[in-house]
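S.K.: pasting the structure only:
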């Protein structure tokens, strides 16, 4: 299947996005903000269709809307970002606007499915370059804020007392999530970003307790699910996003049923299985 | 010798409400202070002011003779236990590791030296095995011990413990108090230890800081835990009944410390068993 350029493009693009999603998603799950991530993608749908309506690339509309929404959620953090009802209302409204924009730009309707459910087989070289750039920005920004982000997530009161700028951290993090969501939506669509951003991360957190082992496993699971999903779609002619979603759910439930690791007093001595 | 904490006619307001009005007191080095008072009396707020998170609106607060500032390494802090994300499978070692230089930018690193220091501190509170256990598998008592170890990291000279007994059963409460007492006496650490009930602390504390009604009274138990003083702090008629080694603070025939548990206000999320 690698003799076709659209397949190698699909593997490359999905590979970039999967690694970024797995890593960003790990922190999203750790912070208990998965619903906010879900909402950002829906808000992005309105941005993408709106951009199409005025003749811009859907990706930039998606990116613009998710970034604006992510920053707004972070800035209002105490009041909104963890309130499921407020987020739910906003995401439904955003989907409604997406529908309205589609209504006025009917020739764009064929792209609606691609936006909602992804179309990784239509990725070209320009898109791969864009996704790589977004991925690098995301991971670089995450590397800069990672230490205070973890501190603020695990122990907010103490982090505040030590002078961590809490609001800046939560805003910067949601901006990072917004970029990752935009990239992820290019592969699996706005409705299915959970399959790469939440599934692998949640599965990894079930079976690991260390930070780096968890991050590595999350990225590896996302990568495996994305690549095997594409291969599976190639063999079966099922939609790629369905295959990725299937593998993501399967991996999650397998990890959920994973026997609780021998973490009890029986385990002798400190574990040294990952450096630092 | 300068006082570790000195309030001079300090007024602390939060959200338009005056928590402490015109309060003055001084806490000396090495003292073990029990911080008591009805719910909402400002125990947490006072600690946040000492940490530099909430400056006084009038008067002054001095900590080690200076204005309080965030990130003071001489202060160890154990915040009131909030609902920790229930599914958090982070090892104790990484949980404490996150707080080491956690305010600095960049990626987290844990050197062998840091690791050894965390393990030693865990051992000093009798919780060495928690380094490898995930948070989601720890009992309330184990989590509190983990947080206590974390507060002790970096050899602080002042320890602020906000309701460290919440969610512990009676036996673990006694163990926690004696561990804090022992470690702090050995290292000469000044302690502010807030709690709901006075009786468990009686054998451990040097003095008691009672808050209520915008006022603060610091003194020995015999000086402060009296009907006239507490009546002013509670804003209602209080009787103090002594029975053997126990002291009961009663209002209209019921024990106020126990009544408080029933209808916890505001920031007091915890319940005893």
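M.R.: Arrived safely. From a predicted model like this one, the values you see are computed outputs, not experimental measurements. Residues are numbered from 1 along each chain as shown, chains lettered A, B, ... in the order given.
S.K.: ok, residue A:247 - contacts?
M.R.: Under the criterion of C-beta atoms under 8 Å, 6 or more residues apart in numbering or on different chains, the neighbours of residue A:247 are A:224-225, A:228-229, A:232. Every C-beta, even on glycine, is put in place using the N, C-alpha and C of the backbone.
S.K.: closest to residue B:136 out of the residues you listed?
M.R.: When the contacts of residue A:247 are compared for distance to residue B:136 (C-beta to C-beta), residue A:225 comes out closest, at 24.7 Å.
S.K.: in chain A, which residue sits closest to chain B?
M.R.: Distance from chain B to each residue of chain A (C-beta to the nearest C-beta) is smallest for residue A:151, at 3.0 Å.
S.K.: so what's that residue closest to, chain neighbours aside?
M.R.: Here the nearest residue to residue A:151 in space, its sequence neighbours aside, is residue B:102; by C-beta to C-beta, 6 or more residues apart in numbering or on different chains that works out to 3.0 Å.
S.K.: burial count for the one you found?
M.R.: For residue B:102, the tally of surrounding residues (other C-beta atoms under 10 Å in any protein chain shown) stands at 21.
S.K.: same check, this time on residue A:113
M.R.: When neighbours are counted by other C-beta under 10 Å, residue A:113 comes out with 12.
S.K.: and the pLDDT for the closest residue to it other than its chain neighbours?
M.R.: Counting by C-beta to C-beta, 6+ apart, the nearest residue to residue A:113 once its immediate chain neighbours are dropped is residue A:119, at 7.7 Å. Confidence at residue A:119, expressed as pLDDT, is 86.
S.K.: give me phi/psi at residue A:119?
M.R.: The phi and psi values for residue A:119, taken as degrees, to the nearest 10, are phi -150, psi 70.
S.K.: report the separation between it and residue A:135.
M.R.: 19 Å (C-beta to C-beta, to the nearest Å).
S.K.: got CSV for the contacts of residue A:247, with distance to residue A:90, neighbour count and pLDDT too?
M.R.: CSV is the format used below for the contacts of residue A:247 (distance: C-beta to C-beta, whole Å; neighbours: other C-beta atoms under 10 Å in any protein chain shown; pLDDT from 0 to 100):
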residue, distance to residue A:90, neighbour count, pLDDT
A:224, 33, 16, 97
A:225, 29, 31, 96
A:228, 35, 14, 96
A:229, 30, 29, 96
A:232, 35, 18, 96
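S.K.: just to revisit the earlier point, who's in contact with the residue nearest to residue A:151?
M.R.: Applying C-beta under 8 Å, 6+ apart, the residues contacting residue B:102 are A:147-148, A:150-152, A:155, A:159, A:162, A:164.
S.K.: residue A:161 too?
M.R.: For residue A:161, the contacting residues are B:48, B:51-53, B:70-71, B:75, B:77, B:79, by C-beta under 8 Å, 6+ apart.
S.K.: same check, this time on residue B:76
M.R.: Applying C-beta under 8 Å, 6+ apart, the residues near residue B:76 are B:150-154, B:156, B:158-160, B:189.
S.K.: out of these, which are buried?
M.R.: With burial judged by 16 or more other C-beta atoms under 10 Å in any protein chain shown, the buried subset of the contacts of residue B:76 is B:150-153, B:156, B:158-160, B:189.
S.K.: so, low pLDDT: which residues of the chain?
M.R.: All of this refers to chain A. Judged by pLDDT under 70, chain A has its weakly predicted residues at A:77-83, A:106-109, A:260-276.
S.K.: not quite, I wanted chain B
M.R.: Residue ranges of chain B with pLDDT under 70: B:1, B:81-87, B:257-273.
S.K.: look through it and tell me its longest helix.
M.R.: Secondary structure of chain B read by DSSP state H shows that its longest helix is helix B:170-187.
S.K.: cool, chain A as well?
M.R.: Ranked by residue count under DSSP H, the longest helix found in chain A is helix A:125-154.
S.K.: so which bits of it are buried?
M.R.: Of all the residues in helix A:125-154, those buried under the rule 16+ other C-beta under 10 Å are A:127-128, A:130-132, A:134-135, A:138-139, A:141-142, A:145-154.
S.K.: before we move on, what about stretch A:30-48?
M.R.: Burial within stretch A:30-48, assessed by neighbour count using 16+ other C-beta under 10 Å, is assigned to A:30-31, A:33-48.
S.K.: next step: those restricted to helices.
M.R.: Among those, the members falling in helices (DSSP H) are A:30, A:34-48.
S.K.: output those of the residues you listed also counted as contacts of chain B.
M.R.: residue A:30 (C-beta under 8 Å from any C-beta of the partner chain).
S.K.: between the ones in helices among the buried residues of stretch A:30-48, which is nearest residue B:92?
M.R.: For these, the minimum distance to residue B:92 (C-beta to C-beta) is 15.9 Å, reached by residue A:30.
S.K.: tell me the contacts of the closest residue to residue A:198 other than its chain neighbours?
M.R.: Counting by C-beta to C-beta, 6+ apart, residue A:198 lies nearest to residue A:34, which is 4.9 Å off, once chain neighbours are set aside. Listed by C-beta under 8 Å, 6+ apart, the contact partners of residue A:34 are A:28, A:194, A:197-198, A:202.
S.K.: quick one: name the residues of the stretch 51-200 of chain A near chain B.
M.R.: Neighbours of chain B within the stretch 51-200 of chain A, by C-beta under 8 Å from any C-beta: A:143-148, A:150-152, A:154-155, A:157-164.
S.K.: how does it look with 10 Å?
M.R.: When proximity is defined by C-beta under 10 Å from any C-beta of the partner chain, the stretch 51-200 of chain A lies next to chain B at A:142-165.
S.K.: tell me which helix or strand residue B:23 sits in.
M.R.: Here residue B:23, judged by DSSP states H and E, is contained in strand B:17-27.
S.K.: does any bit of the following helix or strand past that strand sit next to chain A?
M.R.: Heading C-terminal from strand B:17-27, the first helix or strand you meet, by DSSP H and E, is strand B:32-36. No. Contact check for strand B:32-36 against chain A, using C-beta under 10 Å from any C-beta: none in range, with a minimum separation of 16.5 Å.
S.K.: remind me what strand B:32-36 packs against, helices and strands.
M.R.: Contact analysis of strand B:32-36 by 3 or more C-beta pairs under 10 Å, 6 or more residues apart in numbering or on different chains; DSSP states H and E lists helix B:43-50, strand B:158-161, helix B:170-187, strand B:190-194, strand B:207-212, strand B:215-219, helix B:221-224 as its packing neighbours.
S.K.: which of the contacts of residue A:161 lies closest to residue B:211?
M.R.: The nearest member of those to residue B:211, counting by C-beta to C-beta, is residue B:48 at 13.4 Å.
S.K.: who touches the residue nearest to the closest one when sequence neighbours are not counted in this structure?
M.R.: Excluding the flanking residues, the one nearest residue B:48 by C-beta to C-beta, 6+ apart is residue B:54, at 4.8 Å. Applying C-beta atoms under 10 Å, 6 or more residues apart in numbering or on different chains to residue B:54 gives the contacts B:12-14, B:19, B:45-48, B:61, B:68.
S.K.: top of the residues you listed by number of neighbours, please.
M.R.: Neighbour counts for those peak at residue B:46, which has 28 neighbours (criterion: other C-beta under 10 Å).
S.K.: tell me the secondary structure for whichever residue of the stretch 101-250 of chain B sits closest to chain A?
M.R.: Sorted by distance to chain A under C-beta to the nearest C-beta, the residues of the stretch 101-250 of chain B start with residue B:102, at 3.0 Å. The three-state label for residue B:102, taken from DSSP: H, G, I helix; E, B strand; the rest coil, comes out as coil.
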